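J.: No letters, just coordinates:
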């Protein structure tokens with residue numbers, strides 16, 4: 001009798017757990033994972049003002065667009081009185097992502113027709129096509145952005161200890177041939193409001 005009662009109580013507890021998980025999981029905030037501003041906005045988190053010391057601007061991925069936009073970041077840092085370079089001093093990591101899901105890729109590298117990666121040698125057997133409908137929860141699928149999207153993220157670390165001093169991110173919908181001009185606009189908007197925590201318009205061209 002006692003064994004049956006314990007089993008019933010344990011089963012009831014498990015049932016309550018699985019029923020209530022979706023409720024609290026929807027509001028779960030994972031520490032350290034940035035949510036980021038909406039498309040068309042920029043956000044600055046100034047844990048402290050950017051120190052007037054040397055800043056090394058380092059790209060997380062190398063591309064022509066990223067190198068051109070890094071130049072604008074270095075210009076704005078130098079206007080603040082910072083010595084800038086590629087090494088030494090505090091480190092500002094810069095991530096430039098251009099996503100064109102409707103066009104079939106992004107600036108981090110794409111594949112050839114048929115699904116082959118860029119590094120595959122000529123004449124390689126094509127990879128098997130993936131299923132058109134992946135097995136996953138349909139309510140968890142994030143719809144693609146309505147247009148090609150440029151996103152820039154800047155994170156400033158202290159040279160001694162690696163503490164995050166300052167972060168900023170911004171994004172705009174833009175076509176590839178206009179991405180550099182739009183990126184410079186995002187960067188300028190960020191540095192125009194670099195000294196305080198704020199969320200605002202990224203200055204995306206209409």
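T.: Alright, I've got the coordinates. Given the structure is predicted, the values throughout are model-derived calculations rather than measurements.
J.: List the contacts of residue 95.
T.: Listed by C-beta atoms under 8 Å, 6 or more residues apart in numbering, the contact partners of residue 95 are 59, 60, 61, 151, 152, 153, 154. (Each C-beta comes from the backbone N, C-alpha and C, glycine too.)
J.: Can you pull the poorly scored residue ranges out of the chain?
T.: 1-35, 101-146 (pLDDT under 70).
J.: from the contacts of residue 95, which is closest to residue 188?
T.: Residue 188 lies nearest to residue 152 out of the contacts of residue 95, by C-beta to C-beta, at 11.2 Å.
J.: if we can go back for a sec, out of the contacts of residue 95, who has the most neighbours?
T.: Neighbour counts for the contacts of residue 95, by other C-beta atoms under 10 Å, peak at residue 152, which reaches 26 neighbours.
J.: Wait, that one touches residue 69, no?
T.: Yes - with contact defined as C-beta atoms under 8 Å, residue 152 reaches residue 69; the gap is 6.7 Å.
J.: Please produce TSV containing the contacts of residue 95, extended by secondary structure.
T.: Conversion of the contacts of residue 95 to TSV gives the following (DSSP: H, G, I helix; E, B strand; the rest coil):
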residue	secondary structure
59	strand
60	coil
61	coil
151	strand
152	strand
153	strand
154	strand
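J.: follow-up on the earlier one: shared neighbours, residue 152 and residue 69?
T.: With C-beta under 8 Å, 6+ apart, residue 152 and residue 69 have common neighbours 94, 96, 183, 187.
J.: Relative to residue 198, which of those is nearest.
T.: Nearest to residue 198 among those is residue 187, at 15.4 Å by C-beta to C-beta.
J.: Excluding sequence neighbours, find me the nearest residue to that closest one.
T.: residue 72 (4.9 Å; C-beta to C-beta, 6 or more residues apart in numbering).
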